[in-house]
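In: model this:
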Amino acid sequence: MRQRAAVLCGAAVIAAGSVTAVPAEANAPGPAPGAPAAGLHWKKCATEDYPTLQCASLDVPLDHARPQGRQITLALSRVPHTAEAYQGPLLVNPGGPGGSGLTLAGFVASSLPADVAAQYDVIGFDPRGVGKSAPALDCLPGHFDPVRPDSLPDTPEVEQANLTRAKSFADACGDKYADVLPYIDTVSAARDVDAIRAALGSEKLNYFGYSYGTYLGAVYAKLYPQRVRRLVLDSVVGPKDVWYDANLNQDLAFNDRHRAFLAWIAEHDAAYRLGTDPERVEAAWYAMRAALAKQPAGGKVGAAELEDTYMPGGYYNGYWPYLAEAFAEYVNDEDTGPLVEAYENFGAPDASGGNGYSVYTAVQCRDAAWPRDWDQWRDDNWSLYEKAPFMVWNNAWYNAPCAFWPTESRQPVDVADDDLPPVLLFQATGDAATPYEGGVTAHRLLGGSALVVEEGGGNHGITLSGNDCLDGYLAAYLADGAVPRGGGAEADAVCPALPDPKPLDSKAASTSSRGSALHGLLGFRG
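Out: Numbering: from 1, shown residues only. Here you go, the predicted model:
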């Protein structure tokens, strides 16, 4: 699912830190500058925002163990390098799983310092099953059409209604894509990444992934350590938690982030008139949820849809002013219009939503084992609900098709590796989607990696989003391989978080669009 609203972004902060550069010989990209890409035929696919964007397609094996067997097609995009000093391809991925990366190439190329971006072919791609790649999965169109059953299974009837939905989705996937689903997983996607590298004619690959894209990058590095030149992982998946535990860990972090949003509303009582006590504001939010469970706003926004609408606020605080206004209008003026508009902007699936969710479930359910006994799901999620009610059951039902998935599961990949070149990790301390501990774990497992922490930050996807301190470390690494070294500390460098946004009618509100543009491209949930 995607979000589509324009949002705010705070002022940037600059900080400096000591860095260690990679030896010059490690900077050689492999092929000579301008070397032709094997088998790729690039065509113009420019947009108004990204006028130099090009597109191509690449056939890869459905099953990489049978390279001469059935082929599928990957859609690729490129912003070509313009500098004489060429550093090879920089492959980018927005996460998900299920997120399209075609436009992200244009965003990254235009957001990096021009002299750095000019040294790379910035490559985007739609992973197998996604978007313009073929076949593109869409298991059960309309699965998220409103109004869905209440996510809170407080009666056997509601629980059964949600279980029926989850099983129906899994069954539909199995019926439509039985021959494809065994090959929609992170290992297969990582082998696709290496096929892209080979087609680009490069001996080594530079890679930049957000969110789930960090796990894809780590798996690629494990499978092809000799092919890794530079590796940037932003908002890092906990590699030991794939995937059932990762979603449970999310629930606690999202609850904390939702409470931070409600506390922010209380701080701005003059704008929202919901009280200065965060607990009072929280009570009002859950009262709104209870009311919508009985009478959905505009016939669209029931309790489950309300959670879908406010969950993106856990990813990016630039959405807070819009979500707060909709909440306040509903409570103070009994006006449902802004809430319906907020749902359509933030919670409703767009045209690619069915495809994105189908790939999300296919990858997560195939990557690792999930409990097949619903009693375990019930016990785990009710136990968490007592501590973190905001998103527990919504998230459980989002992932519940994995309890009924028609393919067997792989074993998670142990990404630990001490033989990689320096890897650069970015993590916010309050990230809800990929909690902070995951970044620390990846830092420990990837020997020689450097961890840059955004202290006090709660957003998900933090580079190229307006924080000049973070972006300085990113640019230095891509320019010459320089990474900070913290002298044994958990973090090698620390950047202060950007300030929270102001209410929409505030003269202090920022109009920067960098954060908005990035978070419009990143996938939710993974």
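
In: Centroid-wise, who is the farthest residue in this protein?
Out: residue 333 (35.0 Å; Cα atoms, centre = their mean).

In: neighbours of the closest residue to residue 233 other than its chain neighbours, just the number please.
Out: With Cβ to Cβ, 6 or more residues apart in numbering as the criterion, residue 233 has its nearest non-adjacent residue at 3.9 Å, and that residue is residue 214. From N, CA and C alone the C-beta is placed, and that goes for glycine too. Per other Cβ atoms under 10 Å, the neighbour tally for residue 214 reads 32.

In: all strands of the stretch 1-150 of the chain, in order?
Out: Applying DSSP state E, counting those that start in this stretch to the stretch 1-150 of the chain gives strands spanning 19-20, 43-44, 54-61, 71-79, 89-93, 121-126.

In: any chance you could map the strands in the protein?
Out: Under the criterion DSSP state E, strands of the chain are mapped to 19-20, 43-44, 54-61, 71-79, 89-93, 121-126, 205-210, 228-234, 423-428, 450-455, 483-484, 493-496.

In: if we can go back for a sec, surely the residue nearest to residue 233 meets residue 236?
Out: Yes. Counting by Cβ atoms under 8 Å, residue 236 is a contact partner of residue 214 at 4.6 Å.

In: Which residues are in contact with each of the two?
Out: 425, 434, 442 (Cβ atoms under 8 Å, 6 or more residues apart in numbering).

In: Disregarding flanking residues, what is the spatial nearest neighbour of the last one?
Out: When you say that, I think you mean residue 442. In space, residue 442 is closest to residue 236, 4.7 Å off (Cβ to Cβ, 6+ apart).

In: so residue 123 makes contact with residue 81?
Out: No. In this structure, residue 123 is not within contact of residue 81 by Cβ under 8 Å, at 10.8 Å.

In: how far is stretch 227-235 from where the chain is centred?
Out: Remark: stretch 227-235 is offset 16 Å from the chain centroid, using Cα atoms, centre = their mean, to the nearest Å.

In: what's the model's confidence in it, averaged?
Out: Averaged over stretch 227-235, pLDDT sits at 98.

In: I'd like the distance between the residue farthest from the centre of the chain and residue 284.
Out: Distance, residue 333 to residue 284, using Cβ to Cβ, to the nearest Å: 13 Å.

In: for the stretch 1-150 of the chain, what are the low-confidence residue spans?
Out: By pLDDT under 70, the low-scoring segments of the stretch 1-150 of the chain are 1-38.

In: in the helix ranked longest in the chain, what's buried?
Out: Counting by DSSP state H, the longest helix found in the chain is helix 244-267. Buried residues in helix 244-267, counting neighbours by 16 or more other Cβ atoms under 10 Å, are found at 244, 246-255, 257-262, 264-266.

In: Among the strands of the stretch 1-150 of the chain, single out whichever gets nearest to residue 515.
Out: Nearest to residue 515 among the strands of the stretch 1-150 of the chain is strand 89-93; the distance by Cβ to Cβ comes to 17.2 Å.

In: by contact count, what packs against that closest one?
Out: Identification of packing neighbours for strand 89-93 by 3 or more Cβ pairs under 8 Å, 6 or more residues apart in numbering; DSSP states H and E yields helix 102-111, strand 121-126, helix 186-199, strand 205-210, helix 212-223.

In: Dump the ones you listed to TSV, plus distance to residue 240.
Out: Listed next are the helices and strands packed on strand 89-93 as TSV, based on distance: least, Cβ to Cβ, whole Å:
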stretch	distance to residue 240
helix 102-111	27
strand 121-126	27
helix 186-199	15
strand 205-210	18
helix 212-223	11
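
In: show me the contacts for residue 335.
Out: Counting by Cβ under 8 Å, 6+ apart, residue 335 has contacts residue 329.

In: Over to residue 60?
Out: Counted by Cβ under 8 Å, 6+ apart, residue 60 has contacts 71, 72, 73, 74, 128, 191, 192, 195.

In: which of those residues lies closest to residue 184?
Out: residue 128 (6.2 Å).

In: Would you agree the closest one is in contact with residue 186?
Out: No. With contact defined as Cβ under 8 Å, residue 128 does not count as touching residue 186 (10.5 Å).

In: Now do the same contact list for residue 389.
Out: Applying Cβ under 8 Å, 6+ apart to residue 389 gives the contacts 255, 286.

In: Mind doing that once more with 10 Å?
Out: Residue 389 makes contact with 152, 251, 255, 258, 282, 286, 289, according to Cβ atoms under 10 Å, 6 or more residues apart in numbering.

In: same deal with residue 41?
Out: Residue 41 touches 54, 55, 56, 57, 58, counting by Cβ under 10 Å, 6+ apart.
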